[in-house]
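In: kindly return the folded structure for what I paste below:
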Amino acid sequence: MSAPTQRPPKVTEREARQVAEAARQQDWHKPSFAKELFLGRFRLDLIHPHPMPADEDVRRGEAFLAKLRAFCETRVDGARIEREARIPDETVTGLKELGALGMKIDPKYGGLGLTQLYYNRALALVGSVSPALGALLSAHQSIGVPQPLKLFGTQEQKDAFLPRLARSDISAFLLTEPDVGSDPARLATTAVPDGDDTYVLDGVKLWTTNGVVADLLVVMARVPASEGHRGGITAFVVEGDSPGITVEHRNAFMGLRGLENGVTRFHQVRVPAANRIGPEGSGLKIALTTLNTGRLSLPAACAGAGKWCLKISREWAAEREQWGKPVARHEAVGTKISFIAATAFALEAVVDLASQMADEDRNDIRIEAALAKLYGSEMAWRMADELVQIRGGRGYETADSLAARGERAVPAEQLLRDLRINRIFEGSTEIMHLLIAREAVDAHLAVAGDIIDPDKALADKAKAGARAGGFYARWLPRLVAGQGQLPGAYAEFGELATHLRYVERTSRKLARSTFYAMSRWQGKMELKQAFLGRIVDIGAELFAMSAACVRAELLRTTGEHGRAAHQLADAFCRQARLRVAELFGRLWDNTDDLDRKVVDGVLAGSYTWLEEGILDPSGDGPWIAGTPPGPSERENVHRKIP
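Out: Prediction:
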C-alpha cells in the first residue's frame, strides 16, 4: 500500500493550540518548586537542604569523569573539529569504547547508568573542548532513542535497542520539517499502516542533529485515522540504513561546525509496527515528556561555557595593562568580570539543583528544566559576549589567526558563534516563554478556564465562576503577607537571608501581577506574549537566586569555598534584583501596543522607503524549500562511523 501525497495540513491557530494542549502533560502528581514560585508560594523546603547524590553514584560518576577528562585532554582536538567542520571518526570511536554513548543507559543493557547530575557534568566537560562533540552526545542520549525508550518503550524494544545504543549505535530525533517548527499540528510526514505489522513512512525532516551519522532514529510521523487505527502524531524507532531513507544534505551553520545535522527524506520506508513507541497519537506527548529532563543537557553545556568565560577573563584581564594597571582594575571591565563570575556560579547552581532533583524524582521538574534551558541559554550568550568585549580586538579574531601571529589561541569568537544556537534549538526563547507561561497559569486555567473559553456553554461558565470564586477567596489573601516580611526569616543563610526574603516577597508580587493581568485581559491573555515573557523572566531570576543561595549555603556547611560562594551568590542576587526591578517596570510601562502598530505597518509595506539605499546580497530561491513526496534525487550523504 503506497502512502498518499500529503502536504502540511491547513490548521487554524485554535486548532494548533488544541494539538499542543492535548500533548501537554496536564497532571501534577508531585510538588514543583517553580510552579509554586509562580503561584506566590516560596517553598524553600523543596530545595533546602540541597539534595545530594548517593555515595555510590558519586564514586561511579567521578571515576568516569576522570577517564573522560583524560580522553578529552589526549584524544580530542577541538581546533581540528572547528577547522575541518567534522568530528573525526576515531574520536567518536574512542568515546564509544569509553562507554560515553551509554552514560544514561542502565548497566543491565550495557550502559554506565550515571545520574543526571554526572551526565550533565560530563557534557559540560566534553563541550568545553568541543561544543559539537558535546551536542553529538547530548542529542544521542537526551532526546534520541534511549530516553523515550526508557520512559515509554516496551521491554522487547529496550532489549533490542538499548544494548546497541549503549556501545555502538548513534541515535537522532526527527521532528522538525522544512515548513514545520514549533507548530507540530502541521506535521506532514506520514506513517500509513500496511496491514497489522507494518507502517510506511513518507516525508522530509529538517535539522536532524546526528541524522547524518545516525544508526537509529526516533521519527515523529502522522498516522491517518482509519478503521482500527486511532491515528495522530506517533513515534517510531527507525533503522538509519532502511531502504528509502536518504540524507540529502549535511547542513552548515554559524557555529557548531562539527555538528552532523542534515536533511533526511523518507520514501516508502517500511517500519515494523513493533518499532512504534507507545500507542498511536502519543508522539507529541512522548516528545514533550522526553524533553522535561532532556532539556537539562543544554544548560549544562552553558554552565560549562560560563566557567570557561570566567577562566579566560580572569587570566587575560590580569595580564593586559592599560593606563598603568591591569584592565580588570578598571571599573568598566571589572563590572563585566563580576557579572561573568556571579552568573557562572548561578548557572552551575541551577543546573546541579535541577539535575539532582531529577535524580531524586521527588519533584515534578518540568518547569525547572524549562527555566534552566531558557535562563542558561540567554545568560551564557551574554557572558560570551562580555568575554569578547573584554578581549577587545583579540576577542573578535579567530584562534587560528592569533596562533599564527604568536599569541595564545583563545577561541572566544567561536564560543559566541557556538552558543548562539542554544537560544533557538530545543525550544527557542520565545517558545520557552510561552511554554513556561502556560504552566505558570495552569492553576488559574484549571479553575477559571471555562469562563474565558468561547466554546463553553453558559452553564459551564457559571460553574467555573463559582469554582474560581472559591479558589481565589482562599488564594488571594495569602499573597498579602509572608515570611519575606519578617526580618529574622531564613536567618540560617546569614547575609543571604535578605535575598531569600526578597524572593518570597517578589514571588507573591509576581503572582498578584499575573492575577491582575488575567482579570484585565481574560481570554486575550494568551496574545500578550511580551507580557508573559517578562513574567517568565522574573520567575527565572527568582529561581536562579534561590538556587544560588541554596548552593552557597551547601558549600558553607561542607567547608568547600563557603565564604567565596556566599560572596558570589550575594553579587548574583544583587545583580538579579536590578534585572527583576526593570522587568516589573516593563510589565505595565512598555511599547507593546505601539510595537504591534509598527509591525502592521512593516507588513503593509508602509516603511519600504526606509530600505532604500542598500543592495541585498541574498541569493535567489524560495524562503522555504518545497519538499514534495517521492524518491530522492540526491546523493545519500549518510555515513556510518565504525
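In: where does the stretch 201-350 of the chain dip in pLDDT?
Out: For the stretch 201-350 of the chain, applying pLDDT under 70 flags no range at all.
In: please, where are all the strands along it?
Out: Secondary structure of the stretch 201-350 of the chain by DSSP state E, counting those that start in this stretch: the strands cover 216-223, 232-239, 245-250, 261-272, 276-277, 321-322, 325-326.
In: most tightly packed of these?
Out: Neighbour counts (mean count of other Cβ atoms under 10 Å) averaged over each of those peak at strand 216-223, with a mean of 25. Placement of C-beta: from N, CA and C, glycine included.
In: that strand packs against which elements?
Out: The contact analysis (3 or more Cβ pairs under 8 Å, 6 or more residues apart in numbering; DSSP states H and E) places strand 216-223 against helix 155-167, strand 171-174, strand 190-193, strand 198-209, strand 232-239, strand 261-272, helix 283-294.
In: hmm, Thr506 is touching Leu542, no?
Out: Yes. Thr506 lies in contact with Leu542 (Cβ atoms under 8 Å); the separation is 6.0 Å.
In: and for the two, which residues touch both?
Out: Val580 (Cβ atoms under 8 Å, 6 or more residues apart in numbering).
In: which one, of the helices and strands packed on strand 216-223, ends up nearest to Glu97?
Out: The stretch from the helices and strands packed on strand 216-223 with the least distance to Glu97 (Cβ to Cβ) is helix 155-167; that distance is 8.6 Å.
In: helices and strands around that closest one, which ones?
Out: Going by 3+ Cβ pairs under 8 Å, 6+ apart, helix 155-167 lies up against helix 146-152, strand 216-223.
In: 7 Å - rerun?
Out: Packing partners of helix 155-167 (3 or more Cβ pairs under 7 Å, 6 or more residues apart in numbering; DSSP states H and E): helix 146-152.
In: if we can go back for a sec, TSV for the helices and strands packed on strand 216-223, including distance to Asn120?
Out: What follows is those, written out as TSV (distance: least, Cβ to Cβ, whole Å):
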stretch	distance to Asn120
helix 155-167	18
strand 171-174	18
strand 190-193	33
strand 198-209	18
strand 232-239	24
strand 261-272	22
helix 283-294	10
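In: out of these, nearest to Cys549?
Out: helix 283-294 (23.7 Å).
In: return the distance of the closest one from the chain's centre.
Out: 12 Å (Cα atoms, centre = their mean, to the nearest Å).
In: residues in contact with Gly258?
Out: Ile81, Ala85, Arg86, Ile87, Ser130, Ala132, Leu133 (Cβ atoms under 7 Å, 6 or more residues apart in numbering).
In: closest to Tyr119 among the residues you listed?
Out: Leu133 (14.8 Å).
In: burial count for Tyr396?
Out: 13 (other Cβ atoms under 10 Å).
In: same question, Arg634
Out: 11.
In: isn't it right up against Gly262?
Out: No. Using Cβ atoms under 7 Å, Arg634 makes no contact with Gly262, being 10.9 Å away.
In: ok, Leu583 touching Ile538?
Out: Yes. Contact criterion Cβ under 7 Å: Leu583 and Ile538 qualify, at 5.0 Å.
In: quick one, which of those two is more surrounded?
Out: Neighbour count, other Cβ under 10 Å: between Leu583 and Ile538, Ile538 has more, with 26 against 19.
In: surely that one meets Ser507?
Out: No. Ile538 is beyond contact range of Ser507, at 9.1 Å (criterion: Cβ under 7 Å).
In: can I get the strands of the stretch 201-350 of the chain in JSON lines with distance to Ala160?
Out: Output for the strands of the stretch 201-350 of the chain, formatted as JSON lines (distance: least, Cβ to Cβ, whole Å):
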{"stretch": "strand 216-223", "distance to Ala160": "10"}
{"stretch": "strand 232-239", "distance to Ala160": "9"}
{"stretch": "strand 245-250", "distance to Ala160": "19"}
{"stretch": "strand 261-272", "distance to Ala160": "10"}
{"stretch": "strand 276-277", "distance to Ala160": "12"}
{"stretch": "strand 321-322", "distance to Ala160": "63"}
{"stretch": "strand 325-326", "distance to Ala160": "60"}
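In: sorry, back to before: would you tell me which of the helices and strands packed on strand 216-223 gets closest to Asp616?
Out: Ranking these by proximity to Asp616 (Cβ to Cβ) places strand 198-209 first, at 24.0 Å.
In: list the buried residues of the closest one.
Out: Thr198, Tyr199, Val200, Leu201, Asp202, Gly203, Val204, Lys205, Leu206, Trp207, Thr208, Thr209 (16 or more other Cβ atoms under 10 Å).
In: show residues contacting it.
Out: 1, 3, 135, 139, 172, 174, 176-178, 188-194, 219, 221, 236, 251, 259, 261-273, 627, 629.
In: give the pairing partners of it; include direction for each.
Out: Strand pairing for strand 198-209, determined by DSSP bridges: strand 190-193 (antiparallel), strand 261-272 (antiparallel).
In: can you add distance to Val145 and give the ones you listed back as CSV?
Out: Shown next, in CSV, are the strands paired with strand 198-209 (distance: least, Cβ to Cβ, whole Å):
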stretch, distance to Val145
strand 190-193, 17
strand 261-272, 13
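In: looking at the strands of the stretch 201-350 of the chain, which is closest to Arg420?
Out: strand 261-272 (14.6 Å).
In: just the angle between that closest one and strand 216-223, please?
Out: Calculated by axes from the mean of the first three to the mean of the last three Cα atoms, to 10 degrees, strand 261-272 forms an angle of 70 degrees with strand 216-223.
In: got a pLDDT number for Pro148?
Out: Note for Pro148: predicted pLDDT of 95.
In: now for it: which residues touch it?
Out: Val218, Ala235, Ile277, Ile286, Thr290.
In: try it again at 6 Å.
Out: Val218, Ile277, Ile286, Thr290 (Cβ atoms under 6 Å, 6 or more residues apart in numbering).
In: which pair of these spans the longest distance?
Out: Ile277 and Thr290 (9.9 Å).
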